[in-house]
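[1] Quick one, fold the following:
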Amino acid sequence: MPLTPFLLDRKFLPKVWGGRALESVFPMQLPPAEMVGETWELYDRPEGSSRIRGTDRTLADLMREAPVELLGQGVAAGHGGRFPLLLKFIDAREALSVQVHPDEARARAEGDGGKDEAWVVLRAGPRARIIRGLRPGVERAEFEAKAHTPEVEKLLWMFTPKAGDCVHLPPGTVHALGPDVVVFELQQNSDLTYRLYDWGRPREVHVQKALAVTRHETVQVGAADRAVTSPAALADGGVQLVATESYRLRRYAWRTPHTLATNSRFAAVTVVGGSGTLVWPSATAVQPLSLVAGDTVLVPAVVEHVVLSPIGRLDVLVSDPGES
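    Numbering: from 1, shown residues only. Okay, the predicted model is just below:
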């Protein structure tokens, strides 16, 4: 059977810092009485893989059976031959730990892939905060001495995010999310996190591993108060939020039908506002996929283009492997 676009079921992950905000941002029903910190919207991990909605098949099945048709010619699979990206929604009701992720070379020793990631802020409440890097003038020796103590709080660069901000976090970047922030996260397929400091919570920290991979990055004096990417306008009416060697992230807001080309590389379309339908070229008539906020549809590389039609409006994030 030829590959066609498909919706994915999500996985709910309760977290000590999570909350219930996702069910007010999106029309999704969270597990009762759970403080949900993350939903995994597209994932292919050793412990489980996204289920194709309405079937018993998974993303892992497709990666085994038709990896080139799914990913595209020349698009590398992730560590262990798995799908290369992982997409999430995160509700940071309280602050996540101060943490860092390893690059590909260091991650291999742990049996996983490196982790380059980006956040798109969907909601920022009155207490909202993001940490990215260190304050101007902080020396590496001072940071290493205080990284696992409450004194580190004085060394971290913190800013107040706004809805729509995109924050890029290359491997080795010291960072923390929250409190009071909801984001979409696009990342390389990895689940390696080294905690430096956890705000007094009695959870394991990984100070030596974290310091070994940390890039000593301080904010430049005179830098903008928010460490966010600068969106670049695209000829097709969207904006490019970030592009790396591993992925590209674009945003579109439509009120009329729009044709989205794949350029023979997979594209994950995540709806972050509004609703609509998605159709694609086919030798036979196909039923449009209905999309609501929170849905992710994966468009295989063998599908040349899709047509997205808003019902009123449609706001989407498009994640793909880029053009390199």
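
[2] who does S309 bridge with?
    On the basis of DSSP bridges, S309 is bridged to T277.

[3] mind checking how far it is from P2?
    22 Å (C-beta to C-beta, to the nearest Å). In this view, the C-beta of every residue, glycine as well, is placed from N, C-alpha and C.

[4] higher neighbour count, those two?
    Per other C-beta atoms under 10 Å, whichever of S309 and P2 has more neighbours is S309, with 15 against 10.

[5] and the residue lying closest to R10 once chain neighbours are set aside, which of the three is it?
    Closest residue in space to R10, ignoring its immediate chain neighbours: T39 at 4.7 Å, by C-beta to C-beta, 6 or more residues apart in numbering. Assigned by DSSP: H, G, I helix; E, B strand; the rest coil, the conformation of T39 is strand.

[6] beta partners for T39?
    Counting by DSSP bridges, T39 is bridged to F12, F89.

[7] wouldn't it be in contact with K15 here?
    No - assessed by C-beta atoms under 8 Å, T39 is found out of contact with K15, at 10.9 Å.

[8] The two - which one has more neighbours?
    Per other C-beta under 10 Å, whichever of T39 and K15 has more neighbours is T39, with 21 against 17.

[9] So, low pLDDT: which residues of this protein?
    1, 220-224, 283, 324 (pLDDT under 70).

[10] Helices of that one, start to end?
    Assigned by DSSP state H, the chain shows helices spanning 22-25, 59-65, 67-71, 104-108, 140-146, 207-213.

[11] give me the number of residues near L122?
    By the criterion of other C-beta under 10 Å, L122 has 23 neighbours.

[12] Which residues are in contact with T218?
    Residues near T218 by C-beta atoms under 8 Å, 6 or more residues apart in numbering: 133-138, 157.

[13] wait, R226
    159-162, 165.

[14] do R64 as well
    Taking C-beta under 8 Å, 6+ apart, we find R64 in contact with G81.

[15] sorry, back to before: can you list the helices of the chain in TSV and add distance to A95?
    Formatted as TSV, those follow (distance: least, C-beta to C-beta, whole Å):
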stretch	distance to A95
helix 22-25	17
helix 59-65	31
helix 67-71	35
helix 104-108	25
helix 140-146	18
helix 207-213	16
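
[16] So which of the ones you listed is nearest R123?
    Judged by C-beta to C-beta, the one of the helices of the chain that comes nearest to R123 is helix 22-25, at 5.8 Å.

[17] Quick one: list the elements packing against that closest one.
    Applying 3 or more C-beta pairs under 8 Å, 6 or more residues apart in numbering; DSSP states H and E, one finds that helix 22-25 makes contact with strand 85-92.

[18] If you count neighbours, what's buried in the strand it packs on?
    Residues of strand 85-92 classed as buried by neighbour count (16 or more other C-beta atoms under 10 Å): 85-92.

[19] would you turn those into JSON lines with distance to L71?
    Listed next are the buried residues of strand 85-92 as JSON lines, based on distance: C-beta to C-beta, whole Å:
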{"residue": "L85", "distance to L71": "10"}
{"residue": "L86", "distance to L71": "14"}
{"residue": "L87", "distance to L71": "15"}
{"residue": "K88", "distance to L71": "20"}
{"residue": "F89", "distance to L71": "23"}
{"residue": "I90", "distance to L71": "25"}
{"residue": "D91", "distance to L71": "30"}
{"residue": "A92", "distance to L71": "31"}
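
[20] quick one: which of these is nearest R53?
    Closest to R53, out of all of the buried residues of strand 85-92 and judged by C-beta to C-beta, is L87, at 14.7 Å.

[21] Identify the spatial nearest neighbour of that closest one, chain neighbours not counted.
    Of all residues not flanking L87 in the chain, L42 sits nearest, at 4.1 Å (C-beta to C-beta, 6+ apart).

[22] With D295 instead?
    Among residues not flanking D295 along the chain, V271 sits closest, at 4.9 Å (C-beta to C-beta, 6+ apart).

[23] What is the burial count for that neighbour?
    21.

[24] pretty sure it is touching S290, no?
    No - taking C-beta under 8 Å as the definition, V271 is not a contact partner of S290, at 10.4 Å.

[25] do you know how far the closest residue to G312 other than its chain neighbours is from P310?
    Excluding its sequence neighbours, the residue lying closest to G312 (C-beta to C-beta, 6+ apart) is G274, at 6.0 Å. Distance, G274 to P310, by C-beta to C-beta: 6 Å.

[26] And S190, how far from G312?
    Distance of S190 to G312, computed by C-beta to C-beta: 37 Å.

[27] cool, A105 as well?
    47 Å.

[28] which ones are touching the nearest residue to G54 once chain neighbours are set aside?
    Counting by C-beta to C-beta, 6+ apart, L7 is the residue found nearest to G54 once chain neighbours are left out, at 7.7 Å. Taking C-beta under 8 Å, 6+ apart, we find L7 in contact with 52-54, 289, 291, 295-297.
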